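Student: can you look at this prediction? I've put the sequence above it.
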Amino acid sequence: MSTLREAAQAAPDAEVRAQHKEFARWFLELSDKSALASEYLAWLAWKAALAHPPRDEWREAVHDELVTTWTLSAENKDDPRKALQDIINWHVRVALDPAVSSDAQALIVRGKAMRDVTPPTESPIATKCQRIEGSGVITAT
């Protein structure tokens, strides 16, 4: 029975402490021994619920990511869509930063290589088009 008193004294605020004491008093006044086991289990469940309030794990994860990426602001603190948008934008910027991403640097090198390639002056298609324009007749070569 001392665990009931300890739990009541450990309750965080006066209202919860009063509820806990009332429940403990009711529990101690039970006379039906057959109902005692199920009532005791209910009391244990109630005590566990008081000890561990439900957590909003999704919100905590998004908030942790905002803090980690230095994107937490007054705008995205309470707006989940804005928070996700800011997180995604940060990751995209990092992925496209050549100082951080070797893939981004490879894209830049490949783009420069494509820009520096000079197309052939006379491609086979261009010569066919010129012949068609000149004679007006399509010929097979």
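Tutor: Ah, there it is. Residues are numbered from 1 along each chain as shown.
Student: and R93, how far is that from T68?
Tutor: Distance, R93 to T68, using C-beta to C-beta, to the nearest Å: 15 Å. (C-beta placed from N, C-alpha, C; glycine too.)
Student: same deal with N89?
Tutor: In this view, N89 and T68 are 14 Å apart by C-beta to C-beta.
Student: go on, V100?
Tutor: As for V100, its distance to T68 is 15 Å (criterion: C-beta to C-beta).
Student: what comes up buried for the helix or strand where L50 lies?
Tutor: Using DSSP states H and E, L50 sits within helix 36-51. In terms of neighbour count (16 or more other C-beta atoms under 10 Å), helix 36-51 has its buried residues at W43, K47, L50.
Student: which strands and helices sit next to that helix?
Tutor: Applying 3 or more C-beta pairs under 8 Å, 6 or more residues apart in numbering; DSSP states H and E, one finds that helix 36-51 contacts helix 14-28.
Student: quick check: mean pLDDT of the helix it packs on?
Tutor: Averaging pLDDT along helix 14-28 gives 71.
Student: show the contacting residues for W46.
Tutor: F23 (C-beta atoms under 8 Å, 6 or more residues apart in numbering).
Student: just use 26 as the starting number from now, easier for me
Tutor: In the new count, where the first residue is 26, that last one comes out as W71.
Student: can you read off the pLDDT for it?
Tutor: Listed pLDDT for W71 reads 75.
Student: cool, D128 as well?
Tutor: Looking at D128, its pLDDT reads 86.
Student: check P144 too.
Tutor: 61.
Student: picking up where we left off before, which among the buried residues of helix 61-76 gets closest to V134?
Tutor: V134 has its nearest neighbour among those in L75, at 60.8 Å by C-beta to C-beta.
Student: which residues in this protein form helices?
Tutor: Secondary structure of the chain, counting by DSSP state H: helices at 27-35, 39-53, 61-76, 82-93, 99-102, 105-120, 127-141, 149-160.
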